[in-house]
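> What follows is a protein structure lacking sequence information:
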């Protein structure tokens, strides 16, 4: 009887972050991640506000640099100048 081999790479989670009007694909290999990690991988300034997009509209408050965020395959986020997201 053969045992299934463990996957050599952990499951990857692909999200999209809109920065300066451009969608940037970002890949993580774990969840949760921090707001800092999302901004850094997307190339967004650390000073930018960050929020999740639901049906194309910002949803929820600003995600802080140290806030932990559960991410799911295909989710969209947006980075905007500081003070834009309440």
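On my side now, so go ahead. Worth saying up front: this structure is predicted, and the values here are computed from it rather than measured. Numbers count the residues shown, from 1 in each chain.
> Please report phi then psi for the residue nearest the centre of the chain.
Nearest to the mean C-alpha position of the chain, by Cα atoms, centre = their mean, lies residue 38 at 4.6 Å. Dihedral angles of residue 38 (phi, psi; degrees, to the nearest 10) stand at phi -60, psi -50.
> What pLDDT is listed against it?
pLDDT, the model's per-residue confidence, is 98 for residue 38.
> Who are the contact partners of it?
By Cβ atoms under 8 Å, 6 or more residues apart in numbering, the contact set of residue 38 is 15, 17, 26, 44, 50, 63, 69, 71, 77. (Glycine included, C-beta is placed from N, CA and C.)
> And these, which is closest to residue 85?
residue 50 (7.5 Å; Cβ to Cβ).
> wait, is that closest one part of a helix?
No - secondary structure assignment (DSSP: H, G, I helix; E, B strand; the rest coil) places residue 50 in strand, not in a helix.
> right, and the helix or strand after the least confident helix or strand in the chain by mean pLDDT?
Sorting the helices and strands of the chain by mean pLDDT, DSSP states H and E puts strand 57-59 at the bottom, at a mean of 89. For strand 57-59, the succeeding helix or strand toward the C-terminus, using DSSP states H and E, is strand 68-69.
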